[in-house]
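Participant: give me coordinates for this.
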Amino acid sequence: MNPKVRFRQTLLPLLEELTICPVDAAFRSIGARMEREFIHLDIAEDGAALDHLLRETGWDRGAAQAGSATYSLGDHSVLLTLRTGVQRG
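Facilitator: Residues are numbered from 1 along each chain as shown. Below you'll find the model as predicted:
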């Protein structure tokens, strides 16, 4: 599935529910059939509520450090890097 479509189906409803507006988002896929999808999402908020909803909707949280966390969906075919506390340029 196209990463932008998957983003809309899984993340955008969560962001709208939380009234979080992304500062920046990027999508990248590799492989002829886009077997791996990478989403980079920057938000100005702390991300606590988004983290909770991501986990509720099937995203698994991986590595985390101050201001950044990674999540995977399904069999790690979709990877999300979330940066929090990012100010608009």
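Participant: can you tell me the centre-most residue of the chain?
Facilitator: residue 80 (4.1 Å; CA atoms, centre = their mean).
Participant: surely that one and residue 72 touch.
Facilitator: Yes: contact criterion CB atoms under 8 Å: residue 80 and residue 72 qualify, at 7.4 Å. Quick note: C-beta positions are derived from backbone N, CA and C, even for glycine.
Participant: shared neighbours, those two?
Facilitator: Taking CB atoms under 8 Å, 6 or more residues apart in numbering as the contact definition, residue 80 and residue 72 share the neighbouring residues residue 59.
Participant: buried residues, stretch 77-89. List them.
Facilitator: Residues of stretch 77-89 classed as buried: 78-82, 84, 86 (neighbour count, 16 or more other CB atoms under 10 Å).
Participant: rewinding a little: secondary structure class for the residue nearest to the centre of the chain?
Facilitator: Recorded secondary structure, residue 80: strand (DSSP: H, G, I helix; E, B strand; the rest coil).
Participant: regarding the closest residue to residue 78 other than its chain neighbours, what is its secondary structure?
Facilitator: Leaving aside its sequence neighbours, residue 78 sits nearest to residue 37 (CB to CB, 6 or more residues apart in numbering; 4.6 Å). Taking three-state DSSP as the rule, one finds residue 37 in the strand state.
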